[in-house]
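model the structure of this input:
(one chain, ligands or ions: 1)
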Amino acid sequence: MEPAWWFVFREDDLLIEPQSSQAKVPCLLDVAELKLPILGEHYIGRLGGRHCYAVDVNIGTTAPETMTFEGLRQIYGLIDEDLFRVAGRAAQIIHWDRTHQYCCRCGAKTKSHYTERARECPQCGLLHFPRLDPAIIVLVERGSEMLLARSRRFSAPVYSVLAGFVEPGETLEEAVIREVYEETGIGVKDIRYFRSQSWPFPHSLMIGFTATYASGQITRGDEENLDAGWFTADNLPSLPSKMSIARKLIVWFLEKHGKVDPSGSKSN
Ligand SMILES: [Zn+2]
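Model prediction:
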């Protein structure tokens, strides 16, 4: 038997071993070696030939000696990028499992399905699959300017590209047009797919686009945004985290105009 990666979560915090250069996720034959009060365990696939498991532990759990529980956002850049991606998957599986212990139709206790990753209701048969919330995120360009807004959701004074959840019945393109208009009063055209990013806070899929200004004036101060404006590559506000697709869209724009990210990030 080979050691496996164990992604152990206490609430939203992941168990890591901080090391001088890079933190590590425990790599063990069996998580039982850590003697933790385990609530649930899920197989989540392989990484570099090793099996990976997500483990949910009791809220009062103390980290073993030499280890610590840290929030996913805090450990970005501290652990290997591949491990971070799997940690995001593990976090979402655990969050889904915790929040689907009872059937949302009839209230009966659910159980694990024997072949699918689903929780099944033994009373009414309803299957509960892991939840994923699609959200669009879009960088709007107007010549040498890009449209950024400061959101009430951010505690720091950070300006970012616009984003919002896709509504039932909507295409991704319709969501882009609606979100940009609702948040800023701007109309857009030439909507192009950029790339996507899993965003495990708690279970989003961010689908990135670029778009071109078509019409309108910025109307400020709606419910979501404190302030929106047009920014050039030479006139940058505080930008969102390097881990975000928002930052990658902004870096893409900067590179297109012959500039680089002030902190050295690349768009790919
Ligand atoms: Zn049911």
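
mind listing the helices for this protein?
72-75, 81-99, 172-184, 245-256 (DSSP state H).

so for the last one, mean pLDDT?
The average of the pLDDT scores along helix 245-256 is 96.

list the buried residues of that helix.
Neighbour-count burial for helix 245-256 flags 245, 246, 247, 248, 249, 250, 251, 252, 253, 254 (criterion: 16 or more other C-beta atoms under 10 Å). Bear in mind the C-beta positions are built from the backbone N, C-alpha and C, glycine included.

residues contacting the residue nearest to the spatial centre of the chain?
Centroid-nearest residue in the chain, with C-alpha atoms, centre = their mean: residue 199, separated by 1.2 Å. By C-beta atoms under 8 Å, 6 or more residues apart in numbering, the contact set of residue 199 is 88, 135, 205, 206, 244, 245.

which residues does it bridge with?
residue 204 (DSSP bridges).

go on, residue 71?
residue 13.

shaky segments in this protein?
153-154, 220-225, 264-268 (pLDDT under 70).

tell me how many other residues surround the residue nearest to residue 187 when sequence neighbours are not counted.
Excluding the flanking residues, the one nearest residue 187 by C-beta to C-beta, 6 or more residues apart in numbering is residue 215, at 3.9 Å. Neighbour count of residue 215, defined by other C-beta atoms under 10 Å: 10.

residue 215 and residue 181 touch, don't they?
No. Applying C-beta atoms under 8 Å, one finds residue 215 not in contact with residue 181, separated by 9.6 Å.

now do the shared contacts for these two.
With C-beta under 8 Å, 6+ apart, residue 215 and residue 181 have common neighbours residue 187.

could you flag which of the contacts of residue 199 are buried?
Buried, going by 16+ other C-beta under 10 Å: 88, 135, 206, 244, 245, out of these.

for the stretch 151-268 of the chain, what lies in contact range of the ion?
Neighbours of the ion within the stretch 151-268 of the chain, by C-beta under 5 Å from the ion: none found.

quick one: contacts for the residue in the stretch 151-268 of the chain that the ion sits nearest to?
Ranked by C-beta to the ion, the top residue of the stretch 151-268 of the chain for proximity to the ion is residue 203, at 21.5 Å. With contacts defined as C-beta under 8 Å, 6+ apart, residue 203 is in contact with 92, 95, 96, 130, 131, 132, 133.

output those as CSV; include the columns neighbour count.
Formatted as CSV, these follow (neighbours: other C-beta atoms under 10 Å):
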residue, neighbour count
92, 22
95, 21
96, 20
130, 15
131, 13
132, 11
133, 12
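
how about TSV for the residues you listed, with distance to residue 174 added?
As requested, those are exported to TSV (distance: C-beta to C-beta, whole Å):
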residue	distance to residue 174
92	26
95	28
96	27
130	25
131	22
132	19
133	17
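
just to revisit the earlier point, let me know the closest of the contacts of residue 199 to residue 194.
Among the contacts of residue 199, residue 245 lies closest to residue 194 (C-beta to C-beta), at 7.8 Å.

is it true that that closest one touches residue 196?
Yes. Counting by C-beta under 8 Å, residue 196 is a contact partner of residue 245 at 7.4 Å.

please enumerate the shared neighbours of these two.
With C-beta under 8 Å, 6+ apart, residue 245 and residue 196 have common neighbours 206, 208.

what's next to stretch 20-28, contact-wise?
3-8, 14-17, 34, 50, 67, 70, 75, 78-80, 83, 87.

next: stretch 243-263.
Taking C-beta under 8 Å, 6+ apart as the rule, stretch 243-263 contacts 73, 76-77, 137-139, 141, 144, 146, 148, 160-161, 163, 194-197, 199, 206, 208, 210, 232-234, 236, 239-242, 265-268.

picking up where we left off before, quick one: residues contacting the residue nearest to the residue of the stretch 151-268 of the chain closest to the ion when sequence neighbours are not counted.
Sequence neighbours aside, residue 92 is the residue nearest to residue 203 in space, at 4.8 Å (criterion: C-beta to C-beta, 6+ apart). Residue 92 makes contacts with 130, 132, 198, 200, 202, 203, as judged by C-beta under 8 Å, 6+ apart.

chain neighbours aside, what residue packs nearest to the first one?
Nearest in space to residue 130, with sequence neighbours left out and distances taken as C-beta to C-beta, 6+ apart, is residue 96 at 4.2 Å.

thank you, goodbye.
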